[in-house]
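Enquirer: sequence first, predicted coordinates after that:
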Amino acid sequence: MSGKNKVVIVTGAGSGIGKATALRFAEDGFKVVLVGRTADKLQKVANEIGTENSLVITADMSSSEDIETIVQQTVSTFNRLDVVVNNAAVFMGGTIEDISLSDWNHQFAVNTTGPFLLIKACLPYLEKHQGNIVNVSSVSGLGGDWGAFAYDATKGALNLMTKGLALDLAPKNVRINAVAPTLTDTEMTSFVINNQDLMPIFENRIAMERAGEPNDIAKAIAFLASDEAGFITGTILPVDGGLSASNGQPKIA
């Protein structure tokens, strides 16, 4: 995919899926706006890309003021916007007895309301260049997890927001899709990846018998944002190593 003269915003770009996605878009020729909460991490990614082809913006995706700043700085620096990747997310596990109203609200603020606000602010610029949006959801938005109902709810909402917006934005020639990764080797999932008791359980459920790598997800995001996916909108693409191919019954042999 040629991204020459094109601009992408990637939230949560300091590590994991966001970092891999930012590097992939840079490889494809995009100018990359790196958004996250930790300046040092973002700057390291910018150094890999080249500072002339990147812009670092520290921001909190639960802040409407920060989101307006992201869009203003992007357009004032690069004078256009073509793709938005809503990747930033927080995870707070626990049952309903454990999760406070503050925990619930914070997860929705970052995982669901943040993407809504960023899309809303970016839409005039995306419409101008017939751009598109890729939301990073999760298989947790396609089915429930034990001990993660609040996170599941945020991703389920993000999925249906993606589908509903696809209908509204299609007449504007703006596409929107989402990827739904399974367990992926990132900082957020290190409590599972580094657990010798939990990982075999996950590997037994995933047909390809491994966790995803950030690059696995980045490749799918890049595809959905590309012209090759020009007739695809409103799709939630599982990137899950075959997890969703199962009917849920255990592996016997």
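Expert: Structure received. Numbering: from 1, shown residues only.

Enquirer: any stretches of the stretch 151-253 of the chain with poor pLDDT?
Expert: Applying pLDDT under 70 to the stretch 151-253 of the chain flags residues 253.

Enquirer: where exactly do the helices run in it?
Expert: 190-193, 198-205, 214-225 (DSSP state H, counting those that start in this stretch).

Enquirer: who wins for proximity to residue 139 among the ones you listed?
Expert: Residue 139 sits nearest to helix 198-205 of all these, at 10.4 Å, using C-beta to C-beta. Bear in mind the C-beta positions are built from the backbone N, C-alpha and C, glycine included.

Enquirer: what packs against the closest one?
Expert: Where contact means 3 or more C-beta pairs under 8 Å, 6 or more residues apart in numbering; DSSP states H and E, helix 198-205 is packed against helix 190-193.

Enquirer: which positions in the helix it packs on come out as buried?
Expert: residue 193 (16 or more other C-beta atoms under 10 Å).

Enquirer: repeat for stretch 21-31
Expert: 21, 22, 23, 24, 25, 26, 28, 30, 31.

Enquirer: quick check, the fifth one in contact with residue 83.
Expert: Yes. With contacts defined as C-beta atoms under 8 Å, residue 25 counts as touching residue 83 at a distance of 7.4 Å.

Enquirer: quick check: neighbours shared by those two?
Expert: Contact criterion C-beta atoms under 8 Å, 6 or more residues apart in numbering; residues shared by residue 25 and residue 83: 8, 225.

Enquirer: read off the pLDDT value for the residue lying closest to residue 151 once chain neighbours are set aside.
Expert: Distances taken as C-beta to C-beta, 6 or more residues apart in numbering put residue 91 closest to residue 151, at 5.2 Å, once the chain neighbours are dropped. At residue 91, the model reports a pLDDT of 96.

Enquirer: residues contacting residue 91?
Expert: The contact partners of residue 91, taken as C-beta under 8 Å, 6+ apart, are 107, 148, 151, 188.

Enquirer: ok, the residues you listed vs residue 40, which is closest?
Expert: residue 188 (18.0 Å).

Enquirer: nearest spatial neighbour of that closest one, chain-adjacent residues omitted?
Expert: residue 91 (5.6 Å).

Enquirer: quick check: that neighbour is in a strand.
Expert: No. Using DSSP: H, G, I helix; E, B strand; the rest coil, the assignment for residue 91 is coil, not a strand.

Enquirer: is it correct that residue 208 is in contact with residue 239?
Expert: No. Contact criterion C-beta under 8 Å: residue 208 and residue 239 do not qualify, at 11.0 Å.

Enquirer: which of these two has more neighbours?
Expert: Taking neighbours as other C-beta atoms under 10 Å, residue 208 and residue 239 compare with residue 239 leading, 22 against 13.
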